[in-house]
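1. Got a predicted structure here, sequence first:
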Amino acid sequence: MTATGCVTNNEGLVPVLPPIEVQRVDAIADQLPPAIAASGRLRVGSNPPYAPNEFKDENGTIVGFDVDLLEAVGAVLGLTLDVKETDFDKIIPAVQAGTLDVGMSSFTDTLEREKSVDFVTYYSAGVQWVQRAGDDVDPDNACGLRVGVQTTTIEDIEEVPAKSEACVAAGKPPIRKIKYDSQDDAANALILGRVDALSADSPVTAYAIKRSNGRLVTAGGIYDASPYGWVIAKGSPLGPVLQQAVQYLIDGGQYRAIAEAWGVEAGIIETSVINGATQ
């Protein structure tokens, strides 16, 4: 990106994790599907940048809260991660086709998505709007405003369109939804005045605000909290194994330690489930 003062996802905000001991747990690892166990790896699809969950560091390596947590799960299972950068809208089809074992890209677990794939939940996030410092944007009264979203996210597909439809139903102008390929692009568009607000998941907006040096602030509170889940093939025996591994880390405290290192502890969960969508 070339615009002056823009925010990028590799500005030295990769935390140094405290020493976290995670060892293979035979009782869980022995339940792995034989082909995955034999390969010694999980083939993972991810779509950066979506900091702090998955983004590239200055060396081009995909890092983030999601990555650290799934690597800890891999350690419980005696597996290493083979993370492949993948277009967001191609991750679920690749998992369905069997060319990826897991989709790791801040997927919101929804009832609609559960029709085609399963989710192993590991976090709870809500929708949060962001505005420029000094502006007064009301997410519940944003008719006629330009709102940035990352393409194919829940905010793009469901949340902003629903708000726009409510505007039209009330005889007001619709929200002008502006789609971007990345959250970086959306945040920079807001800083540069190309949109009036942006809507994204709460850990993402918190991270964008942190990097903006006071230029961006929240607009309204967090709402519509839903679980994040790792995507796996429908009915795959890998699901229960991943769920047990996450729960092991939750119970052992390693999960909280990883979340706190990334500053996302507000959304930690106590119980991991398979398919935890409520809407």
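-> Yep, that arrived. As the structure is a prediction and not an experimental result, all values here were calculated from the model.
2. Give the residue spans of the stretch 1-150 of the chain that score low on pLDDT.
-> With pLDDT under 70 as the threshold, the stretch 1-150 of the chain has low-confidence stretches at 1-13.
3. just the helices in the stretch 1-150 of the chain please.
-> With helices called from DSSP state H, counting those that start in this stretch, the stretch 1-150 of the chain shows them at 26-29, 34-39, 65-77, 88-97.
4. So which bits of the first one are buried?
-> In this case it means helix 26-29. Residues 28-29 are the ones in helix 26-29 that count as buried (16 or more other Cβ atoms under 10 Å). Heads up, the C-betas are built off the backbone N, CA and C, glycines and all.
5. what sits up against that helix?
-> 37, 76-79, 241, 244-245, 248 (Cβ atoms under 8 Å, 6 or more residues apart in numbering).
6. Is it possible to get CSV of the residues you listed that adds distance to G103 and neighbour count?
-> Formatted as CSV, the contacts of helix 26-29 follow (distance: Cβ to Cβ, whole Å; neighbours: other Cβ atoms under 10 Å):
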residue, distance to G103, neighbour count
A37, 20, 15
V76, 19, 24
L77, 17, 26
G78, 21, 16
L79, 16, 22
V241, 16, 23
Q244, 19, 19
A245, 16, 26
Y248, 21, 20
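7. which of those sit farthest apart?
-> Using Cβ to Cβ, the contacts of helix 26-29 reach their maximum pairwise distance at A37 and Y248, which is 17.2 Å.
8. Quick one: closest of the helices of the stretch 1-150 of the chain to N213.
-> Closest among the helices of the stretch 1-150 of the chain, once you apply Cβ to Cβ, is helix 65-77, at 21.9 Å.
9. ok, longest helix in this structure?
-> helix 238-252 (DSSP state H).
10. which helices and strands sit right next to it?
-> helix 26-29, helix 65-77, strand 117-132, strand 216-233, helix 254-262 (3 or more Cβ pairs under 8 Å, 6 or more residues apart in numbering; DSSP states H and E).
11. Swap in 6 Å and give it another go.
-> Using 3 or more Cβ pairs under 6 Å, 6 or more residues apart in numbering; DSSP states H and E, the elements in contact with helix 238-252 are helix 65-77, strand 117-132.
12. Can you point out the buried residues in that helix?
-> By neighbour count with 16+ other Cβ under 10 Å, helix 238-252 contains the buried residues 238-239, 241-250, 252.
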